[in-house]
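K.L.:
Fold the following for me, if possible:
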Amino acid sequence: MITLGINAAFHDSAAALVVDGAVVAASEEERFTRIKHAKRPLPFTAWELPFHAIDDCLRQAGLRLTDVDHVAYSYDPARFLAGRADAAIALPLEPSAQPAGPWENPWDPLFAAYIVNAPRQLADGAPHHLQARLKGARPDGPYRFHFVGHHLSHQASAFLASPYESCAVMTLDGRGEDATTGYGVYADGRYRALGEVRMPHSLGLLYERVTAHLGFLHSSDEYKVMALAAMGQPRFASALRAHIGLLPAGGYRIDPVDLVALAGPARQRGTPLEAQHFDLAASLQAVLEQTVLHIARWLREASGQARLAMAGGVALNCVMNAKLRDSGIFESVWVQPAAGDAGTALGAALWTDARERAGKAPDVDGATPLATRPWSMRHAYLGPAYADEEIEALLRWAKLPYRRLDNVAGRASELLARGAVLGWFQGRMEFGPRALGARSILASPLDAGMQARINELKDREDFRPVAPVVPRERLADWFTPAEANGGEAPFMLFLYDVRPEQAARIPAACHQDRTARVQTVTAEDNPRLHALLQAFGERTGVPVLINTSFNVRGEPVVCTPKDALDAFFSTPLDALVMGPFLLEKPR
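P.N.:
Sure thing, here's the model as predicted:
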């Protein structure tokens, strides 16, 4: 059984391909079009299907669209249209500026039309240069087309990809059709929803509003606000908390907030950050954490489960995740690495596959039976890869000087130990927003000035931290709590404390509060990066490197060898290791 999952609503368009319950490929549209978050100005192709990502998933599996049995779109237009008076597409406006009426947003009718007509667009709308694998389909198939609810897709992407046989499930984001937060329980091969919070009450949209107020891009720069929070004091938290009501059964209510009255005028993009900006970020973060812990305590009791699987854009907040992990409410917490909207393509495909393989058995006591899971998400390397022959052909065509390395880890570790900053392009690309050692920029953490150097290289704000990557077996030597979540942090989604005795040895990897967003690596899941960490450790005594995404400000992470070369020659990177090939700039 072959199932194609698609996300094309809102942002982060993506595709995922599932064969008999196992994910064989997943890709994001932005990596091919080079339009970050795959967002175009309204109304121009705002919800265009991710044809490049679909084509890539089919290419990786050696399939054509007509080979697919099921197509699952991660949005339910029937639910979106059912209660228009309460289901606006909320924009980051002050409450008084929200339009009124059954179509609160002027683009709602067009939005609905695009989604309803997605089957026809899939059959007829592919660009000419992608039609080889996509032609031959009709609006009615030969596959069956399914609309899967947005939050159900988020939920399925969590529990059907997690390492757990049973767990509680929590999803938090800006909004879906009308829900903003959802809860459920997965046990005995069945999934049962336990409740949800609906618009206009949304932790994700509150975070978006503050992000915009602080002069950043909403639905894009929320991670910058999370970083700012560590530099401020939560002096607005009480006032902000007064607008959030914690309700029974894990619910919450958010009343309108006047951010200008709360924390002063909105910051203009590009102007200096001041104390009130840091403090507002810290206050928002504190209120988010308190609210999520309230939800989690109820969910632990309501589900009867000791483990939690999470998704949704808010679940990318690694500071919040760490507070939840360390609260002891759940014994372990797992977050799906493409937790934002891109991951709904994965969830829609996994849900449809599990339902269809179960023979569409009817619900029992409100729980939906699902087929046995043959797969869990140990890593996120699900995107395209490029053979050594393809890379070398490009280097020769471009007439670039390069070396083929016999010992990639040895030579790369030598360069890193000398203070070089490397572009690192290896294997299949990551699915999700984090660079996890396939399309990364790597550097030594030994020099405190390296953080500023990386931020300058990427043309990004100087307050932004960089993340450390460490072999899984060495996590306890450098970070705490090393025993949490089974000693694994493969997706860079949890905050850790740097051990006090080690902080001075890796100053560039420490945030201002001596925390770090850690990634662990195993030899099984990423052998070349693991070997590099070992080699760097043997050379310096520190098996830790800085890992940040291989891109420059405003651009998606590099995808192809050509993208890597473009980024290499347009930035002050010192060297590029692409497969076994090394390119160096004069020093």
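K.L.:
Tell me where the model's unsure across this structure.
P.N.:
Within the chain, the segments meeting pLDDT under 70 span 38-47, 83-107.
K.L.:
Please compute how far stretch 368-378 lies from its chain's middle.
P.N.:
Distance of stretch 368-378 from its chain centroid, counting by CA atoms, centre = their mean, to the nearest Å, is 21 Å.
K.L.:
ok, and for that stretch, which residues are buried?
P.N.:
368-371, 373, 375, 377 (16 or more other CB atoms under 10 Å). The way it works is simple: take the backbone N, C-alpha and C, and place the C-beta from them, glycine included.
K.L.:
want to throw the residues you listed into a markdown table with distance to residue 227 and secondary structure?
P.N.:
Below are the buried residues of stretch 368-378 laid out as a markdown table (distance: CB to CB, whole Å; DSSP: H, G, I helix; E, B strand; the rest coil):
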| residue | distance to residue 227 | secondary structure |
| --- | --- | --- |
| 368 | 39 | strand |
| 369 | 43 | strand |
| 370 | 38 | coil |
| 371 | 41 | coil |
| 373 | 35 | coil |
| 375 | 34 | coil |
| 377 | 26 | coil |
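K.L.:
Pick out the most distant pair among the residues you listed.
P.N.:
Set against one another by CB to CB, those have their most distant pair in 369 and 377, with a gap of 21.9 Å.
K.L.:
now, which of the buried residues of stretch 368-378 sits nearest residue 285?
P.N.:
Of all those, the one with the least separation from residue 285 (CB to CB) is residue 377, at 27.0 Å.
K.L.:
nearest residue to that closest one other than its sequence neighbours?
P.N.:
The spatial neighbour of residue 377 that comes closest, neighbours along the chain excluded (CB to CB, 6 or more residues apart in numbering), is residue 161 at 4.0 Å.
K.L.:
What's the local residue count around that neighbour?
P.N.:
The number of residues packed near residue 161 is 25, by other CB atoms under 10 Å.
K.L.:
Tell me how far it lies from residue 205.
P.N.:
Relative to residue 205, residue 161 is positioned 25 Å away (CB to CB, to the nearest Å).
K.L.:
before we move on, what about residue 159?
P.N.:
Between residue 159 and residue 205 the computed distance is 24 Å (CB to CB).
K.L.:
Tell me which of these two has more neighbours.
P.N.:
A direct count of neighbours by other CB under 10 Å for residue 159 and residue 205 places residue 159 higher, at 31 against 21.
K.L.:
which residue is nearest the middle of this structure?
P.N.:
Centroid-nearest residue in the chain, with CA atoms, centre = their mean: residue 338, separated by 3.6 Å.
K.L.:
pretty sure residue 273 contacts residue 228?
P.N.:
Yes - in this structure, residue 273 is within contact of residue 228 by CB atoms under 8 Å, at 7.2 Å.
K.L.:
what sits in contact with each of these two?
P.N.:
The contact sets of residue 273 and residue 228 overlap at residue 463 (CB atoms under 8 Å, 6 or more residues apart in numbering).
K.L.:
Tell me which stretches of the stretch 301-450 of the chain form strands.
P.N.:
Assigned by DSSP state E, counting those that start in this stretch, the stretch 301-450 of the chain shows strands spanning 307-311, 332-335, 368-369, 403-404, 422-425, 439-443.
K.L.:
Show the contacting residues for the residue nearest to the centre of the chain.
P.N.:
For residue 338, the set of contacting residues under the criterion of CB under 8 Å, 6+ apart consists of 14, 26, 28, 157, 346, 380, 431-433.
K.L.:
Tell me the spacing between it and residue 241.
P.N.:
From residue 338 over to residue 241 (counting by CB to CB), the distance is 31 Å.
K.L.:
same deal with residue 503?
P.N.:
Residue 503 is 32 Å from residue 241, where distance means CB to CB.
K.L.:
And for residue 376?
P.N.:
Taking CB to CB, one finds residue 376 at 37 Å from residue 241.
K.L.:
got the contact list for stretch 398-410?
P.N.:
The set of residues that contact stretch 398-410 without belonging to it, under CB under 8 Å, 6+ apart, is 392, 395, 411-412, 528, 531-532, 534-535, 565, 577, 580-583.
K.L.:
These in strands, which ones?
P.N.:
Cross-referencing these with the strands (criterion: DSSP state E) gives 577, 581-583 as the overlap.
K.L.:
Can I get those residues in a markdown table including neighbour count?
P.N.:
As requested, those are arranged in a markdown table below (neighbours: other CB atoms under 10 Å):
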| residue | neighbour count |
| --- | --- |
| 577 | 24 |
| 581 | 20 |
| 582 | 19 |
| 583 | 20 |
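K.L.:
Turn those into a markdown table, columns for distance to residue 325.
P.N.:
Listed next are the ones in strands among the contacts of stretch 398-410 as a markdown table, based on distance: CB to CB, whole Å:
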| residue | distance to residue 325 |
| --- | --- |
| 577 | 33 |
| 581 | 40 |
| 582 | 39 |
| 583 | 40 |
